[in-house]
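Participant: This is a predicted model, with the sequence first.
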Amino acid sequence: MAGILKYFYEEPFLLEPLVADDHPDARRRYVRTTPLEVYRAYLAGSSPSGIGLTTLNPPSVYTHPLHHLFDGQPIHVLDASGMLQLCLPDALDTYLIGKQPCHALIAGPATLPPVNRADLMQSNRRHALHALRTLLEAGALVAWPEPAHQGIDWSLYSPAPLRTRLVAAFRRFRHPDVRYFVAPYQRMRSEEKFYFEHWMLDHHPLPTYIEEV
């Protein structure tokens, strides 16, 4: 089986702050405001060694496109201890490949607006919406590691469109042992569709909304 890189997109995606009655700090409430139009991506993968973006080999299959997307901007890392600090360029790949754990990567601007770090660390992303909106309104791209069966995937939220840039990066950094697929997030929400490469590629024609690039 060839390596499979899957990019699920939602463009645009309306980010709506919620009244967080189930927030760990019950005293806090988020004020509902006008939805913010943002752009969402989910990068996943599978390979002979397992399921998860970070099982792909070589890691440059996904790290090079992500470097291209970050475009040399300053990157802050919310590390495993909950500290938010600038990520040294030489250390970025250790987080992208999952060798060093983190809660989030935040690309640009150099000075971030104040946010509640504890919200960004919550496994329930609903609790991060207020902090996420603050970062997006400041022009930052936020990347979260997502647990996979063997490794991690990456989800991205951006104030600017991602699809054109990511597809161009896949083509630029194409690896001969990897197949690249792009599909709308909303059409791939079931487990059967999310893992389409395990049952569909060799036995069924792909739906028209799954594009190989």
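Facilitator: Nice, I can see it.
Participant: which secondary structure elements does the helix or strand hosting Ile4 contact?
Facilitator: With the criterion set as DSSP states H and E, the secondary-structure element containing Ile4 is strand 3-15. Judged by 3 or more CB pairs under 8 Å, 6 or more residues apart in numbering; DSSP states H and E, the packing partners of strand 3-15 are strand 36-47, helix 60-70, helix 129-137, helix 163-172, strand 178-184. Yep, even glycine has a C-beta here, placed from its N, CA and C like the rest.
Participant: Lys193 - how many residues pack around it?
Facilitator: Lys193 is flanked by 15 other residues according to other CB atoms under 10 Å.
Participant: Also the one 3 residues further on?
Facilitator: Taking other CB under 10 Å as the neighbour definition, Phe196 ends up with a count of 19.
Participant: The nearest residue to it once chain neighbours are set aside and Pro161, how far apart?
Facilitator: The shortest distance from Phe196 to any non-neighbouring residue, by CB to CB, 6 or more residues apart in numbering, is to Ile210 (6.7 Å). Ile210 sits 20 Å away from Pro161, taking CB to CB, to the nearest Å as the criterion.
Participant: circling back to that earlier point, Leu92 is nearest to which of the helices and strands packed on strand 3-15?
Facilitator: helix 60-70 (7.5 Å; CB to CB).
Participant: now stretch 127-136, how far from the chain's geometric center?
Facilitator: For stretch 127-136, the separation from the chain centroid amounts to 15 Å (computed by CA atoms, centre = their mean, to the nearest Å).
Participant: Show me what counts as buried in it.
Facilitator: 127-136 (16 or more other CB atoms under 10 Å).
Participant: Mind putting the helices and strands packed on strand 3-15 into a markdown table with distance to Ala148 and mean pLDDT?
Facilitator: A markdown table is the format used below for those (distance: least, CB to CB, whole Å; pLDDT from 0 to 100):
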| stretch | distance to Ala148 | mean pLDDT |
| --- | --- | --- |
| strand 36-47 | 7 | 96 |
| helix 60-70 | 12 | 96 |
| helix 129-137 | 21 | 93 |
| helix 163-172 | 19 | 97 |
| strand 178-184 | 16 | 95 |
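Participant: Nearest to Asp153, out of the ones you listed?
Facilitator: Distances from Asp153 to each of the helices and strands packed on strand 3-15 were compared using CB to CB; the minimum, 4.4 Å, belongs to strand 36-47.
Participant: on that earlier part again, for Ile210 and Pro161, indicate the residue with more neighbours.
Facilitator: For Ile210 against Pro161, the residue with the higher neighbour count under other CB under 10 Å is Ile210, and the figures read 20 against 14.
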